[in-house]
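Asker: here is a sequence together with a model predicted from it:
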Amino acid sequence: MELSDSVSAAVSVFRRRPATILPFYLLGAAIPAIVRVVPFLAMVLGSVYLYSTGRLAAIGDELATLDLDPPDPEAEPEAFEAWMTDFEPIVGQLLTPTTGLLVAGTILGSLLVVLVLYGLVTAAQLSACYGRLRNERGLIAGLAGGRRYWLRVLGLFVLEVGAWILVFITGSLLIAAAGAAIGPGALLVSLPVALVGLLAIVAIRAVFAFAPVAVVVDDLGVFASLSRTLGFVRHNPIGATFYYVISVGSLLALSTVTGVLAVIEVSTLGALVTALLVFPFLDLLKTALYTDARGRLDPPAPVDRSLRSQLRGGVQNGWAEMVSFVRSTPLTHAFVVGLAVGSFWIGWVAGAPLAGVFETSITARLDGHIPPAAAVEFFANNWLVAITTAYAGFALAIPALASLVFNGLVMGLYARTEVEPTELLAFVIPHGIFEIPAIFIATALGLSLGAVAARVPLGQTSRPELADALERAFWVLVGVGILLAIAGFVEGFISPYYFRLFR
């Protein structure tokens, strides 16, 4: 096994046709957007329940009699406590056995969806990496592997978390026993116990890092994959250590850069880089190391084009695919626009009682605005929203619809409570002509993916057709990213300033 062979294979796969593995990592980024459908549905059911029982009207009546502006808790603690007490009747209307069951069901349902999606997406990601390292089409390999291995990958995850919990509980009991036996001197015992516990957790993560790869590459069960992984680490210490160093180093570097950027309020760029670069490359690297050790490494040939030329070609292809998608789905886009307008109107109407009570201000929001940092953050945040909306739609289109409706309602409420509506409108128009269509395209793409996925159980869509849809969605989102980059620049450098000239 040559370490350079594994690294070269990972780089070659990553550069040659990245759209055949990256969709699964964007699906991973979309998991929160899929999961939030559960609390969204619970909120709808809860609202229907409160309305049908008259509790919602009672809450509105109570709110109408209350002063919603709280006194200063430090200057007037007694007045603040009395103000909080006034809300007890509202809390009583909200806390019922039915709402309690809804909350419990939301928590359990969300956890179940997270676990299932984690197993499916992780198995698909590693299967796509393994397929590409054998010069196969990654999306088809990923779809097959996600279905075949997801339960075993999930079993490994549950087992690892259980091992961490066991280490924590054991350490806590040892420290508590030492405290009861030797009192203040327990500190001398606590530090070594904590250090041993930390080393145990690191060792557990080191073993479990390669175990899902063993499941995919060798088609092993949960415990057999752990045994095979221990053998791999023991016989290939240099390769395993190299991966650990690269993994920890890249994540530390990314965390450091993200922390620095957060100081200037650029917080989303790190999530994009993680989904598009860090996680895919780390998975390719560890899969290549393991596959090479098993003598099965047969990656595609290295790319003979420059990185600049490749990026330029990708941008051109993304724009062309986006334009083609919009032209081929006019009814879907019309439906999305209609639903967005309807959701905004409902939010506007629902916000009427809040107008004058709660106030939002675009001017206040722009306080401390730093144009370059804001432009990057606007682009990164909006593109991540577009990506997660589109790929979340793969779950039968429901998350994409929920995201559109939720954002429409929020924007309607926000607009209704704006203290200077004309300023808000003037701020939105320049970048909105790029940003709003981009979000509509992403939502329509989510509906399109959901329609394709819905035909799979009916036998109306083959695995290659599903892979084609996922790959096309990736390129359409590249085109959407171009629109959002323009919107981000305009929103950062133009929108906050130009309308002030007309005051």
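Answerer: Nice, thanks for sending it over.
Asker: same for the helix or strand bottoming out on mean pLDDT in the chain, what does it pack against?
Answerer: Across the helices and strands of the chain, mean confidence by mean pLDDT, DSSP states H and E is lowest for helix 362-365: a mean of 74. The contact analysis (3 or more Cβ pairs under 8 Å, 6 or more residues apart in numbering; DSSP states H and E) places helix 362-365 against helix 421-454. To be clear about C-beta, it is placed using only N, CA and C from the backbone, and glycine gets the same treatment.
Asker: now do the host helix or strand of Y391, average pLDDT.
Answerer: When secondary structure is defined by DSSP states H and E, Y391 falls within helix 371-392. When pLDDT is averaged along helix 371-392, the result is 95.
Asker: could you give the angle of it to helix 421-454?
Answerer: Inter-element angle recorded for helix 371-392 and helix 421-454: 30 degrees (by axes from the mean of the first three to the mean of the last three Cα atoms, to 10 degrees).
Asker: relative to L63, how far out is F80?
Answerer: Here F80 is placed at a distance of 18 Å from L63 (Cβ to Cβ, to the nearest Å).
Asker: same thing with P212?
Answerer: Distance check for P212 against L63: by Cβ to Cβ, it reads 51 Å.
Asker: more neighbours: which of those two?
Answerer: A count of neighbours by other Cβ atoms under 10 Å puts P212 above the other of P212 and L63, at 28 against 14.
Asker: what helices and strands are in contact with the host helix or strand of that one?
Answerer: Under the assignment given by DSSP H and E, the secondary-structure element containing P212 is helix 186-218. Helix 186-218 is packed against helix 97-132, helix 138-182, helix 222-235, helix 237-263, helix 279-293, with contacts defined by 3+ Cβ pairs under 8 Å, 6+ apart.
Asker: can you put those in TSV and add distance to L466, mean pLDDT and mean neighbour count?
Answerer: Converted to TSV, the helices and strands packed on helix 186-218 look like this (distance: least, Cβ to Cβ, whole Å; pLDDT from 0 to 100; neighbours: other Cβ atoms under 10 Å):
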stretch	distance to L466	mean pLDDT	mean neighbour count
helix 97-132	12	96	19
helix 138-182	6	90	17
helix 222-235	27	94	17
helix 237-263	31	92	14
helix 279-293	20	96	24
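Asker: re earlier: just give me how far the helix holding Y391 sits from the chain centre.
Answerer: Computed by Cα atoms, centre = their mean, to the nearest Å, the chain-centroid distance of helix 371-392 equals 12 Å.
Asker: residues of it that come out buried?
Answerer: The neighbour-count check on helix 371-392 (16 or more other Cβ atoms under 10 Å) flags 373-392 as buried.
Asker: please apply the same query to stretch 463-481.
Answerer: For stretch 463-481, burial by neighbour count (16+ other Cβ under 10 Å) applies to 466-467, 469-481.
Asker: how about stretch 201-212?
Answerer: By neighbour count, and taking 16+ other Cβ under 10 Å as the criterion, the buried residues in stretch 201-212 are 201, 204, 206-212.
Asker: for these, which one is nearest L409?
Answerer: Of all these, L409 sits closest to P212, with 39.1 Å by Cβ to Cβ.
Asker: who's in contact with that closest one?
Answerer: If you count contacts by Cβ atoms under 8 Å, 6 or more residues apart in numbering, P212 has them with 122-123, 126, 149, 153, 156, 225.
Asker: now, among those residues, which is nearest to Y51?
Answerer: Taking Cβ to Cβ as the measure, T122 is the one of these closest to Y51, at 40.6 Å.
Asker: which residues does that closest one contact?
Answerer: Applying Cβ under 8 Å, 6+ apart, one finds that T122 lies in contact with 28, 150, 153, 157, 212.
Asker: can I get those in TSV with distance to P73?
Answerer: Rendered in TSV, the data for these read as follows (distance: Cβ to Cβ, whole Å):
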residue	distance to P73
G28	42
W150	49
V153	48
F157	43
P212	49
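Asker: biggest separation within the buried residues of stretch 201-212, which pair?
Answerer: Spatially, the most separated pair among the buried residues of stretch 201-212 is I201 and P212, at 17.9 Å (Cβ to Cβ).
Asker: G46: neighbour count?
Answerer: Residues contacting G46 under the criterion other Cβ under 10 Å number 19.
Asker: that one and G100 touch, don't they?
Answerer: No. Distance between G46 and G100: 10.7 Å, which falls outside the contact criterion (Cβ atoms under 8 Å).
Asker: skipping its backbone neighbours, what lies nearest I494 in space?
Answerer: Taking Cβ to Cβ, 6 or more residues apart in numbering, and ignoring the residues beside it in sequence, I494 has P430 as its nearest neighbour in space, at 5.4 Å.
Asker: that neighbour touches G492, doesn't it?
Answerer: No. Using Cβ under 8 Å, P430 is not in contact with G492; the gap is 11.0 Å.
Asker: show me which of these two is the more surrounded one.
Answerer: Set P430 next to G492 and count neighbours by other Cβ under 10 Å: G492 wins out with 21 against 18.
Asker: how about low-confidence regions in the stretch 401-503 of the chain?
Answerer: Within the stretch 401-503 of the chain, the stretches with pLDDT under 70 are 499-503.
Asker: hmm, 80 instead?
Answerer: Judged against pLDDT under 80, the low-scoring parts of the stretch 401-503 of the chain cover residues 498-503.
Asker: distance of H333 relative to R148?
Answerer: With distances defined as Cβ to Cβ, the gap from H333 to R148 amounts to 36 Å.
Asker: no, scratch that, I was asking about F489
Answerer: Here F489 is placed at a distance of 45 Å from R148 (Cβ to Cβ).
Asker: secondary structure class of R134, three-state.
Answerer: R134 falls in the coil class when you classify it by DSSP: H, G, I helix; E, B strand; the rest coil.
Asker: and the closest residue to it other than its chain neighbours, backbone torsions?
Answerer: In space, and not counting its chain neighbours, R134 is closest to D298: 5.1 Å by Cβ to Cβ, 6+ apart. Phi and psi for D298, reported as degrees, to the nearest 10, are phi -150, psi 70.
Asker: ok, back up a step: what residues are up against the residue nearest to I494?
Answerer: Counting by Cβ under 8 Å, 6+ apart, P430 makes contact with 490-491, 494-495, 498.
Asker: try 6 Å
Answerer: With contacts taken as Cβ atoms under 6 Å, 6 or more residues apart in numbering, P430 has the following neighbours: 490, 494-495.
Asker: what about those, which are in helices?
Answerer: V490 (DSSP state H).
Asker: who wins on neighbours among the contacts of P430?
Answerer: Counting neighbours by other Cβ under 10 Å, S495 leads the contacts of P430 with 23 neighbours.
Asker: for A373, see how far away it is.
Answerer: Distance of S495 to A373, given as Cβ to Cβ: 15 Å.
Asker: try A275
Answerer: Computed with Cβ to Cβ, the distance linking A275 and A373 is 21 Å.
Asker: A352 too?
Answerer: When Cβ to Cβ is the yardstick, A352 and A373 sit 36 Å from each other.
Asker: domains in this structure, by residue range?
Answerer: Under the assignment named as automatic domain parsing, the residue ranges that make up the domains of the chain are 3-41+100-293, 307-502.
Asker: with distance to G92 as extra columns, can I get the ones you listed in a markdown table?
Answerer: Conversion of the domains of the chain to a markdown table gives the following (distance: least, Cβ to Cβ, whole Å):
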| stretch | distance to G92 |
| --- | --- |
| domain 3-41+100-293 | 13 |
| domain 307-502 | 21 |
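Asker: which stretch among the ones you listed comes nearest T85?
Answerer: Shortest distance between T85 and the domains of the chain, using Cβ to Cβ, is found for domain 307-502: 20.3 Å.
Asker: all set, thanks.
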